[in-house]
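Engineer: starting from these lines, generate the structure:
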Amino acid sequence: MMVDVRGADVYYGREKALSGLSLSVEKGRTCAVIGPSGCGKTTLLYTLAGIMKPSSGTVKIGGKPLTGVRRETSLILQDFGLLPWKSVYENIAFPLRCRGDGRCAADEKVSRLMTSMGLTGQAGKFPGQLSGGQKQRVAIARSLALEPDLLLLDEPSSALDAITREHIQNLVLDIYRERLLTMIIVTHNIEEAVFLGQRIAIMGKGIIRDMVDNPCFGRKDSRDSIDFYKFCIEVRKLLDGEN
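Structural biologist: Residues are numbered from 1 along each chain as shown. Next comes the predicted model:
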């Protein structure tokens with residue numbers, strides 16, 4: 001689903017978090033948004049999710065003005081957003097229950113998602129019994145339950161160790177290839193941005209400062225390539241304002 005933001009101003013009280021920000025992401029493409037802490041990355045995601053409303057400018061999803069939360073948009077929060085009193089199965093089934101899906105249809109979909117996310121045998125566990133990588137897989141499964149056309153990810157691997165982080169990044173890439181969703185990934189990690197973003201948006205304070213096409217996107221073995229790390233250096237220079 002195409003995303004088009006034009007001249008968006010977003011405030012927290014009197015503090016401006018986004019300042020005339022514009023961003024365009026084509027349908028079925030991925031965009032990684034990277035920038036320093038406090039530059040407005042998460043505010044941008046919340047705005048695209050319909051949780052926050054710009055005071056000026058426009059936000060369109062699929063050519064239609066965004067007026068609130070869309071059922072076809074899924075947002076994966078940095079802290080996973082799992083309900084600690086619900087089991088893995090119940091967390092994944094929760095949005096289906098809210099939509100009113102029948103038990104049999106929900107069971108079939110949840111079982112399929114658990115298998116694809118490598119969560120077989122974890123249905124009865126609670127979030128407190130899971131590793132960070134397992135929690136992220138549950139969060140991803142829940143986000144896919146309603147079959148979104150736009151997936152928003154806020155720091156998808158920031159709380160994970162290096163090996164688990166790569167596994168989750170590989171999983172996100174697999175999901176993109178299988179479903180061809182439009183994805184916007186907020187991250188502070190340069191390597192993650194280069195691995196997952198077909199385009200990379202460099203944010204400054206409340207604005208998009210640079211937008212670059214990524215020649216290294218789409219290969220799981222790209223981390224073994226010198227070109228991958230050369231491009232990471234180029235992105236770092238842009239972040240440092242050395243473009």
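Engineer: and the helices in this protein?
Structural biologist: Secondary structure of the chain (DSSP state H): helices at 41-48, 88-99, 103-116, 132-144, 162-179, 190-196, 226-239.
Engineer: using PDB, write out every CA atom in the first one.
Structural biologist: Put plainly, it is helix 41-48. Taking only C-alpha atoms (Å, rounded to 0.1, in the frame of the first residue of the first chain), the coordinates of helix 41-48 have been written out as PDB:
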ATOM      1  CA  LYS A  41      11.300   8.400  14.100                       C
ATOM      2  CA  THR A  42       8.700   6.800  16.400                       C
ATOM      3  CA  THR A  43       6.400   9.800  16.100                       C
ATOM      4  CA  LEU A  44       6.500   9.200  12.300                       C
ATOM      5  CA  LEU A  45       5.400   5.600  12.800                       C
ATOM      6  CA  TYR A  46       2.600   6.600  15.200                       C
ATOM      7  CA  THR A  47       1.400   9.100  12.600                       C
ATOM      8  CA  LEU A  48       1.400   6.500   9.900                       C
END
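Engineer: of all the helices of the chain, which lies closest to Val69?
Structural biologist: Closest of the helices of the chain to Val69 is helix 41-48, at 10.5 Å (criterion: Cβ to Cβ). Placement of C-beta: from N, CA and C, glycine included.
Engineer: which strands or helices does that closest one pack on?
Structural biologist: In terms of contacts (3 or more Cβ pairs under 8 Å, 6 or more residues apart in numbering; DSSP states H and E), helix 41-48 is packed against strand 3-12, strand 15-25, strand 30-34, strand 56-61, strand 73-76, strand 150-154, strand 182-187.
Engineer: and the angle for it with strand 3-12?
Structural biologist: Helix 41-48 runs at 120 degrees relative to strand 3-12, counting by axes from the mean of the first three to the mean of the last three Cα atoms, to 10 degrees.
Engineer: for Ile61, what are its contacts?
Structural biologist: Contacts were defined as Cβ atoms under 8 Å, 6 or more residues apart in numbering; by that measure Ile61 touches 1-4, 48, 70, 73, 150.
Engineer: picking that back up, which stretch in the helices and strands packed on helix 41-48 is the model least sure about?
Structural biologist: Across the helices and strands packed on helix 41-48, strand 73-76 has the smallest mean pLDDT, namely a mean of 91.
Engineer: how about the helix or strand of the chain with the lowest mean pLDDT as CSV, C-alpha atoms only?
Structural biologist: Every helix and strand in the chain was compared by mean pLDDT, DSSP states H and E; the lowest is helix 103-116, with a mean of 82. As requested, C-alpha coordinates have been extracted for helix 103-116 and formatted as CSV (Å, rounded to 0.1, in the frame of the first residue of the first chain):
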residue,chain,number,x,y,z
ARG,A,103,-13.0,-20.0,16.9
CYS,A,104,-12.3,-22.6,14.1
ALA,A,105,-11.1,-19.9,11.6
ALA,A,106,-8.9,-18.3,14.3
ASP,A,107,-7.4,-21.6,15.4
GLU,A,108,-6.4,-22.5,11.9
LYS,A,109,-4.8,-19.1,11.3
VAL,A,110,-3.0,-19.0,14.6
SER,A,111,-1.6,-22.5,14.2
ARG,A,112,-0.4,-21.6,10.7
LEU,A,113,1.3,-18.4,12.0
MET,A,114,2.9,-20.2,14.9
THR,A,115,4.4,-22.8,12.6
SER,A,116,5.7,-20.2,10.2
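Engineer: show me the contact partners of it.
Structural biologist: So helix 103-116 is in contact with 88-89, 92-93, 96-97, 101, 119-120, 122-123, 141, 144-145, going by Cβ under 8 Å, 6+ apart.
Engineer: repeat that with 6 Å
Structural biologist: Helix 103-116 is contacted from outside by 89, 92-93, 96, 141, using Cβ atoms under 6 Å, 6 or more residues apart in numbering.
Engineer: all good on my end, thank you.
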